[in-house]
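1. A structural model of the following input is requested.
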Amino acid sequence: TDPTWSPSGDELAVMIYETDQSTAGQGESLQLAIFSKDDRSWRLIPCGSCGYPNWLNDGKILVSVNLGLGSDGQVQYGKAKVDPVSGEVSEERPYSGINSQLRAISPAGELVLMGGPYAVYPDGDVLLMRAHTDDCSGIWSYGLESAGPVPLVDSLDLYECDPALSKGGTKLAYTVKGSSEFDPTTLMIANFDGSSAIPFLAPGGYIYQIRFPAWSPDGRQMAFVYGKFDLTSPSFSTLYIVDVPLHLQPPSATD
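-> Okay, the predicted model is just below:
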């Protein structure tokens, strides 16, 4: 799940969930996996507390991490960077009151921001994250140094999920699903602020879903996973790469 492209476009990083069948589903492992497009090889980085990678322009991979129990006895979540060569985890940073801020401005006080999937603006300070109640229900902007979360794309009757920004931060891709479990997903492309959204892929069918889009560095292709999904847990899926039509590419792709 969660593909993210390297700045050079030569590699993709994904999260791989593996279950040891000999232990009747009790031996699940989580790894950050680097796939080389050149020789189709894999490099595996054990990272049991990692999730939702975003490959940054500095060569590091930003991930969500479980930071353990805080002083209040509650599990703390935050961000960290992973070196894709050495596997070293550094710059761990907890979220600071993000969910209490969100609940304060949510009409019923029930929304929380998920640790992922999320997107990162080029300055590295602002994250686009999904808000949820029982399921993903919107995309909110969250500044690591700002006062709190702000809704970006959030409709009452739709589930907007899985934000992905093009390399220059000019185009936003995300998935949309109706509130019924029988509704299919649609992959949308919009401006960076969520405006002028246009459907890109709508394969139909509710059993198989599009999830976790990722722009190529040049903006001319998009990776995503497609399969039988549960919104709250890993499931079987296949990684695809498709060409993005010219009129939906970010401006830099057509230069």
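2. wait, doesn't residue 57 sit right on residue 6?
-> No: at 10.0 Å, residue 57 does not count as touching residue 6 under the criterion of Cβ atoms under 8 Å. Backbone N, C-alpha and C define where each C-beta goes, glycine included.
3. more crowded one of the two?
-> Per other Cβ atoms under 10 Å, whichever of residue 57 and residue 6 has more neighbours is residue 6, with 20 against 11.
4. let me know whether that one touches residue 12 as I believe.
-> Yes: look at residue 6 against residue 12 with Cβ under 8 Å: they come within range, at 7.2 Å.
5. residue 252 belongs to a helix?
-> Yes: assigned with DSSP: H, G, I helix; E, B strand; the rest coil, residue 252 falls within a helix.
6. tell me how many other residues surround it.
-> Neighbour number of residue 252 under other Cβ under 10 Å is 15.
7. where exactly do the strands run in the stretch 151-255 of the chain?
-> 158-165, 171-178, 185-191, 198-201, 208-215, 221-228, 237-243 (DSSP state E, counting those that start in this stretch).
8. what would those look like in CSV with distance to residue 18?
-> Formatted as CSV, the strands of the stretch 151-255 of the chain follow (distance: least, Cβ to Cβ, whole Å):
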stretch, distance to residue 18
strand 158-165, 22
strand 171-178, 25
strand 185-191, 25
strand 198-201, 28
strand 208-215, 18
strand 221-228, 16
strand 237-243, 14
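9. out of those strands, which is closest to residue 50?
-> Smallest distance to residue 50 across those (Cβ to Cβ): 14.9 Å, for strand 208-215.
10. mind checking how far residue 159 is from residue 212?
-> Taking Cβ to Cβ, to the nearest Å as the measure, residue 159 and residue 212 are separated by 14 Å.
11. for those two, indicate the residue with more neighbours.
-> residue 212 (24 against 19).
12. that one against residue 2, yeah?
-> Yes: counting by Cβ under 8 Å, residue 212 does reach residue 2; the two are 4.9 Å apart.
13. per-residue pLDDT, residue 2?
-> Note on residue 2: pLDDT of 84.
14. re the thing from before, mind listing the shared neighbours of residue 6 and residue 12?
-> The contact sets of residue 6 and residue 12 do not overlap (Cβ atoms under 8 Å, 6 or more residues apart in numbering).
15. quick check: which ranges of this protein have low pLDDT?
-> When residues are selected by pLDDT under 70, those of the chain lie in 19-28, 72, 74, 96-117, 122-126, 129-136, 144-148, 205-206, 229-236, 253-255.
16. where exactly do the helices run in it?
-> 98-105 (DSSP state H).
17. where's residue 221 relative to residue 247, distance?
-> 15 Å.
18. the two - which one has more neighbours?
-> Comparing residue 221 with residue 247 by other Cβ under 10 Å, the one with more neighbours is residue 221, at 17 against 8.
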